[in-house]
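Visitor: Compute the structure for the input listed below.
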Amino acid sequence: MSSSETGVFIGVSAGKGPILGARHLQTLLLHLAMGICYVSKIYIGIALVAMTDAQTTNPNFPEFDWDEKQRSYILSSFFWGSSISQIPGGYVAKRFGVKASLVIGIFASGIFGLSVPFCVTWGGWKIYCAIRVCQGLCQGILFPCIYQHVALWSPVEERNRLGALSLMGIQTGTIVAMYVTGMIAASDLGWPGISYVFSGTEIVFSLLLLIFAENTPANAKVITDAERKYILNSQESVNNAQERKKNVKVPWKAILTSGPFISLLVVRTCDSWGYSTMMAQIPAFLHGALKMEITKNALYSALPYVATFVLSFVFMILADVILNHKWISLLVLRKVFNTIAMWIPAAFLIGIGFLSESQTVLAVAFLTMSVGLNSGATIGSNMNGIDLAPNHIGILMGLVNSMSSVIRIVSPIVVGIIVSDDTNRSQWQIVFLLTAGFYILGNLQFLLFAQATVQPWDSEDFMTKRGSQRRVKMTRAA
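Guide: Residues are numbered from 1 along each chain as shown. Model prediction:
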């Protein structure tokens with residue numbers, strides 16, 4: 001399609017394609033996919049309150065007598081599924097394309113979600129766990145797909161920006177889930193309406209993906225020639241293949257023994273521990289240790305999400321300015337931003353443990369900045385996988401996010417063991433010190449071992465060369 005054939009893409013600049021074009025449409029779809037899936041991941045906490053204490057929302061719907069242990073199973077069951085499907089999801093996305101993977105995964109998740117009001121009334125918490133496991137299995141493909149699509153559609157110069165905009169769907173979905181779920185539960189729709197609205201949205205959005213999503217710029221139907229050349233030439237300049245083969249063998253041994261990948265895996269695992277622990281425990285800490293009222297607790301618990309959303313833009317713009325002016329290299333940028341995202345929050349977390357009930361405003365400020373500044377990890381370490389292996393990014397992030405899903409299951413259990421009394425400040429100090437330790441050590445090894453160049457094993461002929469070398473050795477031995 002030539003530039004004159006499409007009026008929706010505007011601002012073509014010489015050698016760079018449209019300022020607003022197909023790559024931005026794909027980024028918007030990724031942002032919405034991330035947001036919609038995160039809503040269905042997060043709303044469960046509020047939905048359980050409505051289902052087990054109907055008087056707080058709409059008493060006209062069934063109420064379930066589930067104890068704390070049963071509710072914890074329901075809360076964690078989503079991650080049982082997503083931890084299993086991350087790695088296969090990366091392979092499937094690479095083999096069959098991101099579009100088909102996302103459409104099927106999100107559509108199936110929506111169907112399972114719609115079944116909740118009909119199944120839970122007769123199957124109880126066990127069937128609810130089973131449904132959440134199935135939704136986790138369906139959505140486990142999300143992160144590998146996001147990173148692979150960013151790698152395929154982003155010119156190298158715009159990779160940080162488009163990647164950050166895609167991943168910011170996490171904050172969008174979180175904020176929507178927090179503010180909309182409660183309103184739906186209290187409305188005439190009651191707690192079943194939560195499933196109807198959000199799962200219905202997943203199904204509708206999967207159909208939009210079917211229409212508008214494209215697997216690669218090389219084969220896209222709605223794209224200008226200028227933009228297609230801009231994307232492919234930019235990727236070719238750093239030795240990325242213009243059109244990646246779907247049946248390329250995955251160099252598993254090389255990946256799993258790669259120092260830069262192991263560094264990425266460790267730092268993302270440590271960051272996941274810190275972020276997931278803080279997100280899950282903020283309300284309990286504010287209410288228990290600092291004796292804050294529930295109404296204020298809800299407001300203050302939302303501030304970190306807002307801070308994360310705003311600071312994500314700040315980090316994204318700063319990264320663009322720094323790299324455009326070539327003030328520092330990409331590797332240095334990754335390490336600086338990741339240090340800001342992990343070491344400064346670590347200091348705030350240590351400080352929080354020493355604050356008293358009379359210093360609630362300062363505690364909330366520390367928590368907000370700790371979680372908000374952590375958004376710098378998106379530019380810091382989160383996008384580092386694309387630097388290392390744009391051809392195998394789906395596989396890499398499947399491995400990374402499988403570990404992250406396991407951490408999201410384990411960290412609440414560890415906190416529950418440490419904090420037997422949520423009003424005991426000394427127990428919370430242990431939690432904050434442990435979390436700060438993960439941040440400090442995770443980033444330290446990233447500073448020492450991280451790289452930001454395409455690894456030899458990412459080459460599409462790497463396995464062919466390896467096979468040839470092995471055959472030569474066998475012939476000589478014979």
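Visitor: quick one, what contacts Ser402?
Guide: If you count contacts by CB atoms under 8 Å, 6 or more residues apart in numbering, Ser402 has them with Ser83, Ile84, Gln86, Ile87. C-betas here are computed from N, CA, C, even on glycine.
Visitor: which element is the third one on?
Guide: Here Gln86 is covered by helix 68-96, with elements defined by DSSP states H and E.
Visitor: Can you give the distance of that helix from its chain's centre?
Guide: Put simply, helix 68-96 sits 13 Å off its chain's centre (CA atoms, centre = their mean, to the nearest Å).
Visitor: what's the domain layout of this protein?
Guide: 20-237, 251-478 (automatic domain parsing).
Visitor: Take the ones you listed and write them to JSON lines, including mean pLDDT.
Guide: Listed next are the domains of the chain as JSON lines, based on pLDDT from 0 to 100:
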{"stretch": "domain 20-237", "mean pLDDT": "87"}
{"stretch": "domain 251-478", "mean pLDDT": "84"}
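Visitor: still on that earlier bit, the helix holding Gln86 packs against which elements?
Guide: If you count contacts as 3 or more CB pairs under 8 Å, 6 or more residues apart in numbering; DSSP states H and E, helix 68-96 packs onto helix 44-52, helix 98-114, helix 116-139, helix 142-153, helix 393-418.
Visitor: most neighbours per residue, which of those?
Guide: Across those, averaging neighbours per residue (mean count of other CB atoms under 10 Å) puts helix 142-153 on top, at a mean of 28.
Visitor: Identify all contacting residues around that one.
Guide: Here helix 142-153 has contacts from 22-23, 26-27, 30, 33-34, 37, 86, 89-90, 93-94, 98, 101-102, 105, 159, 162-163, 166-167, 215-217, 231, 240, 244, 385-386, 390-391, 393-398, 401, using CB under 8 Å, 6+ apart.
Visitor: at 7 Å instead, please
Guide: Outside of helix 142-153, the residues within contact range by CB atoms under 7 Å, 6 or more residues apart in numbering are 23, 26, 30, 33-34, 37, 86, 89-90, 93-94, 98, 101-102, 105, 159, 162-163, 166, 216-217, 231, 385-386, 390, 393-394, 397-398, 401.
Visitor: Buried among those? Need that as a selection in ChimeraX.
Guide: Buried members of the contacts of helix 142-153, defined by 16 or more other CB atoms under 10 Å, are picked up in ChimeraX with:
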select :23,26,30,33,34,37,86,89,90,93,94,98,101,102,105,159,162,163,166,216,217,231,385,386,390,393,394,397,398,401
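Visitor: could you pull out the helices for the stretch 201-350 of the chain?
Guide: 225-236, 252-256, 259-288, 294-325, 330-352 (DSSP state H, counting those that start in this stretch).
Visitor: so which of these gets nearest Arg71?
Guide: Arg71 lies closest, by CB to CB, to one member of these: helix 259-288, at 13.2 Å.
Visitor: Buried by neighbour count: which residues of that closest one qualify?
Guide: Residues 260-261, 263-279, 281-283, 285-288 are the ones in helix 259-288 that count as buried (16+ other CB under 10 Å).
Visitor: by contact count, what packs against that helix?
Guide: helix 294-325, helix 360-373, helix 384-388, helix 393-418, helix 425-449 (3 or more CB pairs under 7 Å, 6 or more residues apart in numbering; DSSP states H and E).
Visitor: Next secondary structure element downstream of the second one?
Guide: Next along the chain after helix 360-373, taking DSSP H and E as the criterion, comes helix 377.
Visitor: right, and out of the contacts of Ser402, which lies closest to Val414?
Guide: Ser83 (16.4 Å).
Visitor: Excluding chain neighbours, give the residue nearest to the closest one in space.
Guide: Spatial nearest neighbour of Ser83, excluding adjacent residues (CB to CB, 6 or more residues apart in numbering): Ser405 at 3.5 Å.
Visitor: which ones are touching the one you found?
Guide: Phe79, Ser82, Ser83, Gln86 are the contacts of Ser405 under CB under 7 Å, 6+ apart.
Visitor: Against Gln86, how distant is it?
Guide: Distance, Ser405 to Gln86, by CB to CB, to the nearest Å: 6 Å.
Visitor: Now tabulate the helices of the stretch 201-350 of the chain in JSON lines and tack on distance to Pro62.
Guide: Below are the helices of the stretch 201-350 of the chain laid out as JSON lines (distance: least, CB to CB, whole Å):
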{"stretch": "helix 225-236", "distance to Pro62": "52"}
{"stretch": "helix 252-256", "distance to Pro62": "48"}
{"stretch": "helix 259-288", "distance to Pro62": "26"}
{"stretch": "helix 294-325", "distance to Pro62": "24"}
{"stretch": "helix 330-352", "distance to Pro62": "40"}
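Visitor: With respect to Gly442, which of the ones you listed lies nearest?
Guide: Gly442 lies closest to helix 259-288 among the helices of the stretch 201-350 of the chain, at 2.6 Å (CB to CB).
Visitor: Helix 393-418 and that closest one, what's the angle between them?
Guide: Per axes from the mean of the first three to the mean of the last three CA atoms, to 10 degrees, the angle that helix 259-288 makes with helix 393-418 is 40 degrees.
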